[in-house]
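Visitor: need a structure here:
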Amino acid sequence: MTDLERAQAYFGGDLFATQAAGIRIEQAEPGRAVCVMAVARHHKNALGNVMGGAIFTLADYAFAVASNFDQTPTVSLSSSITFLTVPKGETLRAEATCVRAGRTTCLYQIQVTDGEGRLCAHVTANGYIVG
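Guide: Numbers count the residues shown, from 1 in each chain. A predicted model of the protein is given here:
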């Protein structure tokens, strides 16, 4: 089984992200992950734009995969999202990267890009390393 298959199997139990939001893992390694979400009608708000909560869910899931895959369990302490532009296209992509991992806490950055490759949101996430 490849690392990607192992990550998909392990995190497949996160039903909100995988089933309700339709997010899939494209890449996974300790400290880094790429997740993709096809934009559907239920992701949009009254203005017809992707809801901020859908964008945040994608980023949060990418953080979860990057900070937990083949590592000591980590939970989120805090996250901050900056929305930069209205996403265009049919997909969103989140890439989470570890900035620093200490003994008990970690810091990740997550870049969310749209179907045209434009940066539409930036997230910083602090995690607590449980183990």
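
Visitor: Show me what the lengthiest helix in the chain is packed up against.
Guide: When the chain is parsed with DSSP state H, its longest helix is helix 52-68. With contacts taken as 3 or more CB pairs under 8 Å, 6 or more residues apart in numbering; DSSP states H and E, helix 52-68 sits against helix 3-11, strand 23-29, strand 32-38, strand 74-83, strand 91-101, strand 105-114, strand 119-129. For every residue, glycine as well, the C-beta is placed using N, CA and C.

Visitor: what's the angle between it and strand 91-101?
Guide: Here the directions of helix 52-68 and strand 91-101 differ by 40 degrees (axes from the mean of the first three to the mean of the last three CA atoms, to 10 degrees).

Visitor: starting at the chain centroid, how far to helix 52-68?
Guide: Helix 52-68 sits 3 Å away from the centroid of its parent chain (CA atoms, centre = their mean, to the nearest Å).

Visitor: So what touches that helix?
Guide: Helix 52-68 is contacted from outside by 7, 11, 14, 16-17, 21, 23, 25, 28, 30-35, 37, 39, 43, 74, 76, 79, 81, 83, 87, 92, 94-98, 106, 108, 110, 112, 120-121, 123, 125, 127, using CB atoms under 8 Å, 6 or more residues apart in numbering.

Visitor: Can you give me the first-to-last residue distance of stretch 113-124?
Guide: Using CA to CA, to the nearest Å, one end of stretch 113-124 lies 15 Å from the other.

Visitor: starting at the chain centroid, how far to it?
Guide: Stretch 113-124 has its C-alpha centroid displaced from the chain centroid by 12 Å (CA atoms, centre = their mean).
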